[in-house]
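Student: Would you be able to build a 3D model of this:
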Amino acid sequence: MNQILEKNLFLFKEHVGMFKASNNYDIYDPDSKKIILHCREKNLNFFFKIVRMFFNDFKRMTPFEIEIHGLNGEKVLKVKKRFTLFLSKVEVFDENNRIIGVLKQKLSLKGKFEILDPIGNIICNLKGNLVGWNFKFFKDDKELGLVTKKWSGIGKEMFTSADNYILEIKDIVEKTSSVRLLILASVICIDMVIKE
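Tutor: Now for the predicted structure:
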């Protein structure tokens, strides 16, 4: 696993675009304010580009495949969702394209996912608060992490579709645990499945 993923704080900045179809992000170290990872959407076909650009109500249904790479180009993980009509299922793959978990959306007005290992065991839950843009990761009663939306100015948020998120992974999550990858992938899932 890439050593950058041992950090506890990440800032996700979505690329700005008025009529963008694909979603791309840069991940920063909030302390140094330097980019540490790139997230790029790949393989979006022409039909789904049109749907995303002109039919906002259907954006959440469209498939996506986003890869996260280090600055030297090495793949860190891949987040993939197929076309869905209702509740989404998002697969997360490691740098070697092995599935390490699944984010399974649950019926909830607040935004809730079960985070599962490859054989379907629950690792933790992601629960949202849509009013405050806060999402927390829980295993039993322990909080593993937190995602909050970082507002970068009312003008930028009103006239573009760009969002910024801060991810905090708690110290109780081991530095080499694949749970870190699943939590990191969940930020993309929040933006692409819940917030779009």
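
Student: wait, is Glu143 part of a strand?
Tutor: Yes. The assignment for Glu143 (DSSP: H, G, I helix; E, B strand; the rest coil) places it in a strand.

Student: what about the chain, any weak spots by pLDDT?
Tutor: Scanning the chain for pLDDT under 70 picks out 17-21, 52-54, 56-57, 59-60, 108-111, 130-132, 150-162, 195-196.

Student: Please, where are all the helices along it?
Tutor: Ranges of helices within the chain are 46-54, 154-159, 179-189, based on DSSP state H.

Student: Distance of the nearest residue to Thr84 once chain neighbours are set aside relative to Val193?
Tutor: Among residues not flanking Thr84 along the chain, Met61 sits closest, at 5.8 Å (Cβ to Cβ, 6 or more residues apart in numbering). Yep, even glycine has a C-beta here, placed from its N, CA and C like the rest. Relative to Val193, Met61 is positioned 10 Å away (Cβ to Cβ, to the nearest Å).

Student: neighbour count winner among those two?
Tutor: The neighbour comparison of Met61 against Val193 (other Cβ atoms under 10 Å) goes to Val193, with 23 against 18.

Student: got a list of what the more buried one touches?
Tutor: Residues in contact with Val193 (Cβ atoms under 8 Å, 6 or more residues apart in numbering) are Arg60, Lys81, Ser88, Val90, Gln105.

Student: Tell me which stretches of this protein form strands.
Tutor: With strands called from DSSP state E, the chain shows them at 9-14, 24-29, 34-41, 64-70, 75-81, 89-94, 99-106, 112-116, 122-129, 134-139, 142-149, 164-169.
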